[in-house]
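Participant: Sequence and predicted model, in that order:
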Amino acid sequence: MEAINKQTLKQRARSYLRSPLSLLLLALVTVSALITVSALVFLIVYILVNGIPYLTPDLFAWEYNSENVSLMPALINTIIMTAVSLLIAVPLGIFAAIYLVEYAKRGNKVVEIVRITAETLTGIPSIVYGLFGFLLFVVALGWGYSLLGGAMTLAIMILPTIMRTTEEALKAVPDSYREGSFGLGAGRLRTVFTVVLPSAVPGILAGVILGAGRIVGETAALMYTSGTVAGIPDSLMGSARTLSVHMYVLTNEGLYTNQSYATAVVLLVIVVLINALSAFIAKRVGTSK
């Protein structure tokens, strides 16, 4: 085995020497990967070093005040905001993708327009969604600054991402799976939900992860829709801040920079847990098939 590996490495080295362009591309790819990983590691270490020393019990007090600047209300609001936004966006995005892939006729111009529109909406800055949510939910509908208004705005913002990733995941499922299901007498609806969707779960989860990560880290859109009240509202119609907004407000005030770094540590841990949980679910679903 070692002899085969050495021979393979020698062959690759000879091919790179014969083609200077390939060697240059290899060097560029390697340097780019090192720079990316180094920047990521530096960012994580910087946040942890500056934030961990200030993770005190007062920072996790149930009620916020000017002395403890507790992040606990913002943490609970973040969980509620993420759950409500995903509850709205995930079913709509998945069902829309199912229609585009499984039911819409191929070559349909309307489908192409929908896809182009979804890709365009993915690249719109979040502050534009915030202004849209402010005009629609806060002003036009009269909801005021509320968790529900923020969740609806974020659901609209992540909907194109979930729809497009789900669509690509469904397209990646081989047609032989569908043909085999049809050959056994299953209908289209049963084929979609018992054969196609389970096979596309890893790709669908990737879209959900991207959506959840954008929700957790969103600030601009929520400043205009859910407000910055440092407390847990009595209902979804109450104003509240999430962890990212909480971190922004503390940094902007200039008095609680250390607590802002501690909030960033908690935010980083939440993102890691979301990715780990989704990977675990995808693995379990893939094993059970």
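Facilitator: The structure has been received and is ready for your questions.
Participant: hey, let's count contacts and neighbours off CA atoms from now on
Facilitator: OK.
Participant: so where's the protein shaky on pLDDT?
Facilitator: Regions of the chain meeting the criterion pLDDT under 70 cover residues 1-20, 282, 285-289.
Participant: Which residue would you name as the spatial centre of it?
Facilitator: Against the mean C-alpha coordinate of the chain, by C-alpha atoms, centre = their mean, the closest residue is residue 210 at 2.0 Å.
Participant: mind checking which helix or strand that one is in?
Facilitator: Mapping residue 210 onto the secondary structure by DSSP states H and E places it in helix 201-216.
Participant: who touches that helix?
Facilitator: Helix 201-216 is touched from outside by 78, 81-82, 85-86, 90, 94, 154, 158-159, 161-163, 165-166, 168-169, 242-244, 267, 271, 274-275, 278, 282, 285, with contacts defined as C-alpha atoms under 8 Å, 6 or more residues apart in numbering.
Participant: Make a PyMOL selection of whichever of those residues turn out to be buried.
Facilitator: With 16 or more other C-alpha atoms under 10 Å as the burial test, the buried ones among the contacts of helix 201-216 are selected in PyMOL as follows:
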select buried, resi 78+81+82+85+86+90+94+154+158+159+161+162+163+165+166+169+242+243+244+267+271+275+278+282
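Participant: Figure out how far stretch 92-107 is from the centre of its chain.
Facilitator: Stretch 92-107 sits 22 Å away from the centroid of its parent chain (C-alpha atoms, centre = their mean, to the nearest Å).
Participant: quick one on the thing from earlier: now for the helix or strand following the helix holding residue 210, which elements pack on it?
Facilitator: Taking DSSP H and E as the definition, the helix or strand that follows helix 201-216 towards the C-terminus is helix 220-225. Using 3 or more C-alpha pairs under 8 Å, 6 or more residues apart in numbering; DSSP states H and E as the contact criterion, the neighbours of helix 220-225 among helices and strands are helix 126-133, helix 147-172.
Participant: what's the closest of those helices to residue 257?
Facilitator: For residue 257, the closest of the helices and strands packed on helix 220-225 is helix 126-133, at 24.0 Å, according to C-alpha to C-alpha.
Participant: in the closest one, what counts as buried?
Facilitator: Buried residues in helix 126-133, defined by neighbour count with 16+ other C-alpha under 10 Å: 126-127, 129-133.
Participant: What of stretch 71-88?
Facilitator: Buried residues in stretch 71-88, counting neighbours by 16+ other C-alpha under 10 Å, are found at 71-82, 84-86, 88.
Participant: Now, those residues that are in helices?
Facilitator: 72-82, 84-86, 88 (DSSP state H).
Participant: just the helices in this structure please.
Facilitator: For the chain, the helices defined by DSSP H occupy 2-18, 20-51, 72-98, 109-122, 126-133, 147-172, 175-183, 188-191, 197-199, 201-216, 220-225, 243-253, 257-288.
Participant: could you say what helices and strands the third one packs with?
Facilitator: Using 3+ C-alpha pairs under 8 Å, 6+ apart, the elements in contact with helix 72-98 are helix 147-172, helix 201-216, helix 243-253.
Participant: Mean neighbour count, those helices: which tops it?
Facilitator: The highest average neighbour count among the helices and strands packed on helix 72-98, using mean count of other C-alpha atoms under 10 Å, belongs to helix 147-172 at a mean of 25.
Participant: what angle separates that one from helix 201-216?
Facilitator: Our comparison of helix 147-172 with helix 201-216, counting by axes from the mean of the first three to the mean of the last three C-alpha atoms, to 10 degrees, yields an angle of 150 degrees.
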